[in-house]
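Novice: turn this into a model:
(one chain, ligands or ions: 1)
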Amino acid sequence: MSYKIAVIPGDGIGPEIISQGLKVLDKVGQMYGHTFEYNTLLAGGCAIDATGEPLPNETIQVCKKSDAVILGAVGGPKWDTLPGNMRPEQALLGLRGQLGLFANLRPAVIYKELIDACPLKPEIVGDSIDIMVVRELTGGIYFGERGRRLGIKGQEAYDTEAYSVGEVERIAKIAFEIARKRNKRVTSIDKANILESSRLWREVVTDISSNYPDVTLDHLYVDNAAMQLIRAPRQFDVIVTSNMFGDILSDEASMITGSIGMLPSASLGENSFGLYEPIHGSAPDIAGQDKANPIATVLSIAMFLRYTLNLEREAQTVENAVNRVLEEGYRTGDIMSPGKTLVGTNKMGELITEKLSKI
Ligand code: NAD
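Specialist: Here you go, the predicted model:
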């Protein structure tokens, strides 16, 4: 099969890590008989320099005609003084909105080899942690009515949390489908003891669960969930939650893994279209020095193979290769520890590519 991919390298370390990711993807294509056609596009600071705007219309149009988008990172000090709506990060918001990306998937995985980087005690971590946080991305309080007004206590500001049944249904379905490919457990997180929007959220998720009798559903209040992630993270498989709760909990979950250069993400829309990117930023402090860890990008490509193309074998091939390179002791600077072999961005990409082996 042939697939069209919109590639947005972006700024800082973006181009370096993206070229390693595509190296891996090309080899997977050769091994399994897929062709990937890349369209390289501008977004972020480099787009501001070239066109005067962070997200040129051409970028949006080409993304819309593609099977998926693979993005490096955007932003950097050069553009930090621009007004808010002209900042490189606007490109990310624009892409999410224009491409209808309503589900954000953030895995928090601790690799056996990197367990020392985890800030939790070994008895809590056990031999690994593997959580998938599914966050609603285009609704809730970040998009609800807001404003300032004169209230009975004087000047006040307000933001509104609102969810429609349809919005909750579609994110719940994604969570249950993902759980089916994993350990078949969904934990829905809300604040249903206080918020009406959370009570609707809980009702709808419970309704949808009847279509997935093979998946276990439980519910937690968000304050308890924040504690449980630290106290007993191994109880979680798939977490599904609203935009704001997910924003906070996905950062908490990813930080328990301890290594920002290892964490991929996916943002999905209708019909398995998706945007895949590492969770880290453009790391201007190490850009252009062959120091960046490309693994988060490589693992984002594994997510692309799994969630947009439904190519589970190919996705596992990539993940196995990453595991093998780590087992053999190769490390970029961010995950380096005594006794291991330090390698640069390029070498890490080459090693992963070499270790790809057909399942
Ligand atoms: P950052 O994630 O870029 O960097 C934080 C720290 O982690 C830095 O010390 C950096 O060197 C290190 N780091 C990050 N990725 C790494 C990798 N792959 N390998 C090794 N080390 C890595 O966050 P920041 O410094 O707060 O932001 C820098 C710029 O990136 C800002 O302009 C910010 O707005 C932007 N940003 C973009 C995105 C995105 O494109 N999705 C996300 C976050 C931040």
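
Novice: interface residues of the stretch 1-150 of the chain facing the ligand?
Specialist: 13, 73, 74, 75, 76, 89, 92 (C-beta under 6 Å from any ligand atom). Glycine gets a C-beta too; all of them are placed from N, C-alpha and C.

Novice: closest to residue 117 out of these?
Specialist: Taking C-beta to C-beta as the measure, residue 117 lies nearest residue 13 of those, at 19.4 Å.

Novice: give me the phi and psi angles of that closest one.
Specialist: phi -80, psi 0 (degrees, to the nearest 10).

Novice: what sits against it?
Specialist: 72, 73, 282, 283, 286, 287, 288, 292, 345 (C-beta atoms under 8 Å, 6 or more residues apart in numbering).

Novice: could you do residue 181 as well?
Specialist: 306, 312.

Novice: show me which of the contacts of residue 13 are buried.
Specialist: Buried by 16 or more other C-beta atoms under 10 Å: 72, 73, 282, 283, 286, 287, 292, 345, out of the contacts of residue 13.

Novice: mind listing residues that contact stretch 347-359?
Specialist: 19-21, 23-24, 27-28, 31-32, 293-295, 298, 313, 316-318, 320-322, 324-325, 328, 330, 332, 343.

Novice: could I have the PyMOL command that selects the buried members from those residues?
Specialist: Buried residues among those (16+ other C-beta under 10 Å), as a PyMOL selection:
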select buried, resi 19+20+21+23+24+27+28+293+294+295+298+317+318+321+322+324+325+330+332+343
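
Novice: which of the contacts of stretch 347-359 fall in strands?
Specialist: Cross-referencing these against strands under DSSP state E gives residue 330.

Novice: all strands of the stretch 151-300 of the chain, in order?
Specialist: Here the stretch 151-300 of the chain has its strands, by DSSP state E, counting those that start in this stretch, at 154-159, 185-190, 216-221, 238-241, 264-268, 274-278.

Novice: quick one: closest of those to the ligand.
Specialist: Judged by C-beta to the nearest ligand atom, the one of those that comes nearest to the ligand is strand 274-278, at 5.8 Å.

Novice: that closest one vs strand 264-268, what angle?
Specialist: 160 degrees (axes from the mean of the first three to the mean of the last three C-alpha atoms, to 10 degrees).

Novice: coming back round to it: could you dump the residues of the stretch 1-150 of the chain next to the ligand into TSV and include distance to residue 307, pLDDT and secondary structure?
Specialist: Formatted as TSV, those follow (distance: C-beta to C-beta, whole Å; pLDDT from 0 to 100; DSSP: H, G, I helix; E, B strand; the rest coil):
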residue	distance to residue 307	pLDDT	secondary structure
13	24	98	coil
73	20	98	strand
74	22	98	coil
75	25	97	coil
76	29	97	coil
89	24	91	coil
92	19	93	helix
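
Novice: which of those sits closest to the ligand?
Specialist: When those are compared against the ligand (criterion: C-beta to the nearest ligand atom), the nearest one is residue 75, at 2.6 Å.

Novice: so what's that closest one up against?
Specialist: Residue 75 makes contact with 10, 11, 12, 44, 45, 87, 88, 89, 281, 282, according to C-beta under 8 Å, 6+ apart.

Novice: please name the bridge partners of residue 342.
Specialist: Note on residue 342: beta-bridge partners by DSSP bridges are residue 331.

Novice: contacting residues around it?
Specialist: 331, 332, 333, 336.

Novice: how about the second one, nearest residue that isn't a chain neighbour?
Specialist: Same thing as residue 332. residue 293 (4.0 Å; C-beta to C-beta, 6 or more residues apart in numbering).

Novice: what sits opposite the most centrally placed residue in the chain in the beta ladder?
Specialist: When C-alpha atoms, centre = their mean is applied to the chain, the residue found nearest the centroid is residue 265 (1.7 Å). Beta bridges link residue 265 to residue 277 when assigned by DSSP bridges.

Novice: where are the low-confidence patches of this structure?
Specialist: Low-confidence segments of the chain, defined by pLDDT under 70: none present.
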